[in-house]
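Visitor: 3D model of this:
(2 chains)
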2 protein chains.
Amino acid sequence: MDHLTELQTKGKNAKQAARKLATLSIVIKNQALNKMADALEQEGATILTANAMDIENGKAKGLSQALLDRLLLTKERIKAMADGLRQITTLADPIGEVLSTTIRPNGLEISKVRVPLGVIGIIYEARPNVTVDAAGLCLKTGNAVILRGGSEAIHSNTEIIKIIAQSAYEAGIPVGALQLIETTDRQAVNEMLKLNEYLDVIIPRGGAGLIKTVVENSTVPVIETGTGICHTFVDEFADLDMAGNIAFNAKVSRPGVCNSMETLLVHEKVADEFLPGMLKVYQEAGVELRGCPVTCQYHQAVKPASDEDWATEYSDFILSIKVVADLEEALEHIDHYSTRHSEAIVTKNLENAKRFQHEVDAAAVYVNASTRFTDGFEFGFGAEIGISTQKLHARGPMGLAELTSSKYIITGNGQIR
Amino acid sequence: MDHLTELQTKGKNAKQAARKLATLSIVIKNQALNKMADALEQEGATILTANAMDIENGKAKGLSQALLDRLLLTKERIKAMADGLRQITTLADPIGEVLSTTIRPNGLEISKVRVPLGVIGIIYEARPNVTVDAAGLCLKTGNAVILRGGSEAIHSNTEIIKIIAQSAYEAGIPVGALQLIETTDRQAVNEMLKLNEYLDVIIPRGGAGLIKTVVENSTVPVIETGTGICHTFVDEFADLDMAGNIAFNAKVSRPGVCNSMETLLVHEKVADEFLPGMLKVYQEAGVELRGCPVTCQYHQAVKPASDEDWATEYSDFILSIKVVADLEEALEHIDHYSTRHSEAIVTKNLENAKRFQHEVDAAAVYVNASTRFTDGFEFGFGAEIGISTQKLHARGPMGLAELTSSKYIITGNGQIR
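Guide: Numbers count the residues shown, from 1 in each chain, chains lettered A, B, ... in the order given. Model (predicted):
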């Protein structure tokens, strides 16, 4: 089976499954999720064997230690994936929710109800846990899913999908609901991006390069996720102890994730008091510092920042720092360099807080808190399929509701127009 | 100015305007809409002169009478455009609406608030009234708009945008909020479809060819509108008088629009009673009839339908008709040929009604009413920018809310993670 045939066949299967999935009871969906979880643990040894092949191939190909770590599965990681599925069963079923009902003057009753999106394509990279996570969230929301993972994880993913799909189908989920593209040919991705006949949406999960490829080449609607050049602005009216805690947390707690801070902006009126101590704390924590000329004067460890620095998502222990004249300059810097993910101000001044919240154009705008909270679990959604940085359909952390659409159901008694 | 420069310049202007528009008070937006309306009427003569040039060029190019009629402006049509703007002022401002607020266990207050999309691109065809209508709806929702109308209407559109933009800017709307692409080079559309740096969304309004071009080539997110192969299924349990009224209205009241019916499905148990009279009524109304073999037996005027007929949006006084064995066959036919716009069943049977509403995958699913009601005004939205046939972001008639996005505003007192 060549990959075009594979895509066409799987697309068709998924679409047929989606029609049945849309009206499936939550009891069956939750039973399936539990059985999938149990099967993952019971057949953990098979998954570990497959994963060992991926790891071996990865080492032979010279993958970095970080990539190999993302690829690696252990008994504990398999248990975590299974527990993730069990946790999804505890969430309310969003499907069928009546979002609004109006009765028109002519007597037509118009209800807007929540329905699945249909068939979701997920394109991701090395982490095999995404296979389980995405499958679980799509199933819960009545969507069929076609997964395309990184070629490095192909053996792990193939084994995982075999196990969870079989247990799901045994539990009454329509065949075709959970599928993985098995060819590792990169051309298959390009064909998936044009599979409008069968896919309702594609969600890329991964680095900037993957997301750019998908956005630029997909004719299927895309939900863009990810890139975060996040700023924290320490206002002249900030509680500087609070500012220090927040600025440290936003950079250092987990620099590899998209909601961590890349640039610190400091009002010039508090720079003398705030920056020397803060720069020292960062330096002791191993953070490489790059600053504007004013910042460089406060500490010898600060290297001059280039224009490129302000536009870079380091995802690492690196921070760029700029002293600004006022809130206006901070807003302009953010407007210019922000990827519209998460932005924060630390201030005690109500007017500045309000202005920042209203004027900054980003998915999540914080006053007096770390940008690190932009996350479906932290927001209380109980799940997360990614963080949307586009404005269409979903913005910010995406939970179950963001994997749904709606339709209008209209009931009349013979109305004509 | 070549067209790439024009697009880049207008994109940049729009983006700058959008930042200011996002926080503009509703008082100023409504004042501007009223002034735009007044200016349209006051300068009606200039618009009619420009329109006369378009009409003359159109005749010289041999445009069809239908196209020329869409292109034509009159004093009455200009008044209707102005009244459309005034009507938009009566609608509530969706911007700033708090969609939800939660306080998390750690004390973070997370509010989801409605914000504009940013910059909207609208690509449309010959009707100059779309220029006014789209500009008004985008302005009301705090979005900047870049319009690209059909080349046939370029003189009319240029004059209209000059008049409404100037009066809007005089009323305090930021310059750049309302712009028209003035080059008629088709290449400009292709460049607009790649203008991701400045455009947040593109909405095509027009025929199937235009929409296909936009969907297949745009890297900017698109809201797909329009195509409607709508069905009406007369169930075995239908009130046949009601079914006759609905089926007649859905086809004949305005066959050129997307919510009109293209295919009538009739349960075989009622075909003998229903079809002979119905076919006669259609024939007398000048509807060309194409049917399945069974339907052909009921009236000599019915020509055999080809496979292509079931997949065609006639947008004309043509109807395809099929007798089906049961609800299941009706559902399968609809699933296969529907463009997921509007679908109807006529039945007195509750179970069949429910099954149809739940299983049919379309933006609007009707029981005992004409598909012709799928419309923003009929749904009570007070406005309509188009009818979305995709599942992402908006589905069905799009009013003001569908021209908005949201952002999360988070307020803390020093929370770190």
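Visitor: What ranges in chain A fall below the confidence cut-off?
Guide: A:1-4 (pLDDT under 70).
Visitor: ok, the longest strand along it near chain B or not?
Guide: Counting by DSSP state E, the longest strand found in chain A is strand A:404-415. Yes: on the criterion Cβ under 8 Å from any Cβ of the partner chain, strand A:404-415 is in touch with chain B at A:405, A:406, A:407, A:408, A:409, A:410, A:411, A:412, A:413, A:414, A:415. For every residue, glycine as well, the C-beta is placed using N, CA and C.
Visitor: Please name the two of those residues that end up farthest apart in the structure.
Guide: Using Cβ to Cβ, the two most remote members of those are A:405 and A:414, lying 28.9 Å apart.
Visitor: Which one's more surrounded, the two?
Guide: For residue A:405 versus residue A:414, neighbours defined as other Cβ atoms under 10 Å in any protein chain shown are more numerous around residue A:405 (23 against 16).
Visitor: Contacts only, for that one.
Guide: The neighbours of residue A:405, taking Cβ atoms under 8 Å, 6 or more residues apart in numbering or on different chains as the test, are A:114, A:115, A:116, A:117, A:118, A:200, B:391, B:392, B:395.
Visitor: Show me those that map onto helices.
Guide: Secondary structure from DSSP state H places none of the contacts of residue A:405 in helices.
Visitor: How many residues are close by residue A:188?
Guide: The local packing of residue A:188 (other Cβ under 10 Å) involves 18 other residues.
Visitor: same deal with the one 4 residues further on?
Guide: Burial of residue A:192 is recorded as 24 neighbouring residues (other Cβ under 10 Å).
Visitor: how near is it to chain B?
Guide: From residue A:192 across to chain B, the span is 15 Å (Cβ to the nearest Cβ, to the nearest Å).
Visitor: Also residue A:290?
Guide: In this structure, residue A:290 and chain B are 23 Å apart, going by Cβ to the nearest Cβ.
Visitor: cool, residue A:328 as well?
Guide: 12 Å.
Visitor: Tell me how far stretch A:114-131 lies from the chain's centre.
Guide: 11 Å (Cα atoms, centre = their mean, to the nearest Å).
Visitor: circling back: which one among the contacts of residue A:405 gets closest to residue A:320?
Guide: residue B:392 (34.9 Å).
Visitor: need the contact list for the closest one.
Guide: Contact partners of residue B:392, counting by Cβ under 8 Å, 6+ apart, are A:117, A:200, A:201, A:221, A:223, A:392, A:393, A:405, B:223.
Visitor: Torsion angles phi and psi at it?
Guide: With angles defined as degrees, to the nearest 10, residue B:392 sits at phi -90, psi 140.
Visitor: coming back round to it: can I get the contacts of residue A:405 in CSV including distance to residue B:275?
Guide: Formatted as CSV, the contacts of residue A:405 follow (distance: Cβ to Cβ, whole Å):
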residue, distance to residue B:275
A:114, 38
A:115, 33
A:116, 36
A:117, 38
A:118, 34
A:200, 36
B:391, 35
B:392, 39
B:395, 33
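Visitor: Of these, just the buried ones, PyMOL syntax please.
Guide: Those of the contacts of residue A:405 that count as buried under 16 or more other Cβ atoms under 10 Å in any protein chain shown are selected in PyMOL with:
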select buried, (chain A and resi 114+115+116+117+118+200) or (chain B and resi 391+392+395)
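Visitor: ok, the contacts of residue A:405 vs residue B:364, which is closest?
Guide: Checking the contacts of residue A:405 one by one against residue B:364 (Cβ to Cβ), the nearest turns out to be residue B:395, at 8.8 Å.
Visitor: Can you verify my assumption that that closest one contacts residue B:402?
Guide: No: contact criterion Cβ atoms under 8 Å: residue B:395 and residue B:402 do not qualify, at 9.0 Å.
Visitor: any residues in contact with both of these two?
Guide: Listed as contacting both residue B:395 and residue B:402 by Cβ under 8 Å, 6+ apart are residue B:388.
Visitor: tally of neighbours for the single nearest residue of the stretch 251-400 of chain A relative to chain B?
Guide: Closest residue of the stretch 251-400 of chain A to chain B, Cβ to the nearest Cβ: residue A:369 (3.1 Å). Look at residue A:369: counted by other Cβ under 10 Å, it has 29 neighbours.
Visitor: got the contact list for it?
Guide: Each residue near residue A:369 by Cβ under 8 Å, 6+ apart is listed here: A:246, A:344, B:108, B:410, B:411, B:412, B:413, B:414, B:415, B:416.
Visitor: Quickly note the distance from the third one to residue A:321.
Guide: In this case it means residue B:108. 26 Å (Cβ to Cβ, to the nearest Å).
Visitor: Looking at these two now, which is surrounded by more residues?
Guide: Neighbour count, other Cβ under 10 Å: between residue B:108 and residue A:321, residue A:321 has more, with 26 against 21.
Visitor: Settle this for me: the more buried one is touching residue A:264, isn't it.
Guide: Yes: between residue A:321 and residue A:264 there is a contact at 4.7 Å, judged by Cβ under 8 Å.
Visitor: residues from the stretch 101-250 of chain A in reach of chain B?
Guide: A:102, A:104, A:108, A:110, A:115, A:117-118, A:196, A:200-201, A:215-216, A:219, A:221-223, A:239, A:242, A:245-246, A:248-250.
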